[in-house]
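[1] Return a 3D structure for these sequence lines:
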Amino acid sequence: MERNGELDLSLLPRELKVMLTILNHREGNLVLEQNIDWNYFLQLVKHHRIYPLVYAKLGELRDPAVPPFVMEVLKREYQKNTFSMLHLSAEMERVSKLFSEQNIKLLFLKGPPIAQDIYGDISLRTSKDLDVLIQLEDVKRAESILKKLGYIKEENLFSVFNEWRWIHHHVVYSHPKKRVQIEIHWRTIPFPAKEAPFYELWGRRRKSNLTTSPVYILGREDLFMFLITHGSKHGWHRLRWLADIDYMLKNKSCYQNKEILQSNGHYNLIGQSLLLTNAIFNTIVPEELNSLTERSYSRKLSELAIPCILHMSEFFMKKGTNNSQFEIEPVFFHLITKLINIKSLLFPHRYIYQQMSILQRVFQVIRLLYPQASEEDQLKLPKALKILYFPLRPYLWMKRKSASSRREKSKQFENVQ
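    Numbering: from 1, shown residues only. Now for the predicted structure:
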């Protein structure tokens, strides 16, 4: 399948198009659009976690149209990422060895071995943490090992009926001195989405060639599917996931066994990811997978994904920035309005809603209404009364958000003073 011209990329900002022009350039002179806001370009490149690839490509092209300060910023970020990945590699090997000694089967989902596997170079992909997959019955033992290593659980999983097993699919641990974060997963994607059981994933595992002691990663098709389901779940707000898929398709390493790809029925998600990489990265879709791109729902999802990428990217880029126009008085009213419009809380974009099954949408509602550890921190109730957290959750949520907004407003006022 050649480049698909049906997806409308006209909504993409000029600076994002320049980024894609650089990454997709193959031969001849590089022609960039005029009047580029290079500061915004750098913002986008860093947000999409794709700056190592952009820096490497610009290093090859040596185009004079790119200002020197842009190359300097990219070089600095590239070097920081390289050091970070080396640091993660050392910790990854250490953790893997300790888990192995305790007979805990461990598969790495993200981090240096994935960068090495996809790009052949750990410096060409970013990773802020180590995501690992283990069996559910090993979660408690894994926590014990991490605590002995100095890791601290970031949040306790709220539990009334031992429901943490399906309400959540991972738990996060951080090391305050090493500044390393490890996510322990017992599912690759949230329940109730279908996924291969652990024993099948373990049976198809591959040994990374990055370290001397054994470190295991997902099989090629399983890694391909993980990137697709992970990117879809997050509305593709980082183009890094599509860049990963692009590289895997170009290396022809992820579709040798179509039965594995189709075993969990994610046909539409696979099809839309192929259409997106085709439109955004000029990736030629292999003939073996063409039928998945011809599905009408795959095409619908890919069309919805483009505005979602923009919407979610803008949200995450602005997240945490100060809004000086925000007033204290209407905070509570604003939160009530937001809570009433529950669909926008659950599904921030139409694409997020459409790519879920009906069962997934139902469980998304359950997760929103289900009490979290933050409620327990706000209001301590005895075990016999924990059931009251359910009716109290909307009130406690609004109270927490209101207090957070007031603190933010207070900080803004202090900064002005």
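[2] looking at this protein, which helix or strand is least sure?
    Ranked by mean pLDDT, DSSP states H and E, the helix or strand of the chain with the weakest confidence is helix 331-340, at a mean of 51.
[3] how about the strands in this protein?
    107-108, 130-133, 152-153, 170-175, 180-185, 206-207, 216-217 (DSSP state E).
[4] Please identify the deepest-packed of those strands.
    Of all the strands of the chain, strand 107-108 has the most neighbours on average by mean count of other CB atoms under 10 Å, namely a mean of 25. Yep, even glycine has a C-beta here, placed from its N, CA and C like the rest.
[5] neighbouring contacts of that strand?
    In this structure, residues lying in contact with strand 107-108 by CB atoms under 8 Å, 6 or more residues apart in numbering are 92, 96, 114, 130-134, 201-202, 205, 208, 215-218.
[6] Quickly name whichever of those residues is closest to residue 104.
    Nearest to residue 104 out of the contacts of strand 107-108 is residue 134 (CB to CB; 5.9 Å).
[7] Next, give phi and psi for the closest one.
    Per-residue torsions, residue 134: phi -130, psi 170 (degrees, to the nearest 10).
[8] gap between stretch 223-231 and the chain center?
    The chain centre lies 10 Å from the centre of stretch 223-231; the measure is CA atoms, centre = their mean, to the nearest Å.
[9] And for stretch 76-87?
    Centroid displacement of stretch 76-87 relative to its chain, using CA atoms, centre = their mean, is 19 Å.
[10] do the same with stretch 262-276
    When C-alpha coordinates are averaged (CA atoms, centre = their mean), stretch 262-276 and its chain have centres 18 Å apart.
[11] So which bits of it are buried?
    Residues 263, 266, 268-276 are the ones in stretch 262-276 that count as buried (16 or more other CB atoms under 10 Å).
[12] For the residues you listed, could you give me TSV that also reports pLDDT and distance to residue 185?
    TSV is the format used below for the buried residues of stretch 262-276 (pLDDT from 0 to 100; distance: CB to CB, whole Å):
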residue	pLDDT	distance to residue 185
263	85	19
266	92	18
268	94	24
269	95	19
270	95	21
271	96	25
272	96	24
273	96	21
274	96	25
275	97	28
276	97	25
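[13] Show me those that map onto helices.
    Members of the buried residues of stretch 262-276 lying in helices (criterion: DSSP state H): 268-276.
[14] Which one of the residues you listed is nearest to residue 376?
    residue 269 (34.9 Å).
[15] Mind putting the strands of the chain into a markdown table with distance to residue 57?
    Below are the strands of the chain laid out as a markdown table (distance: least, CB to CB, whole Å):
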| stretch | distance to residue 57 |
| --- | --- |
| strand 107-108 | 27 |
| strand 130-133 | 27 |
| strand 152-153 | 39 |
| strand 170-175 | 33 |
| strand 180-185 | 29 |
| strand 206-207 | 28 |
| strand 216-217 | 26 |
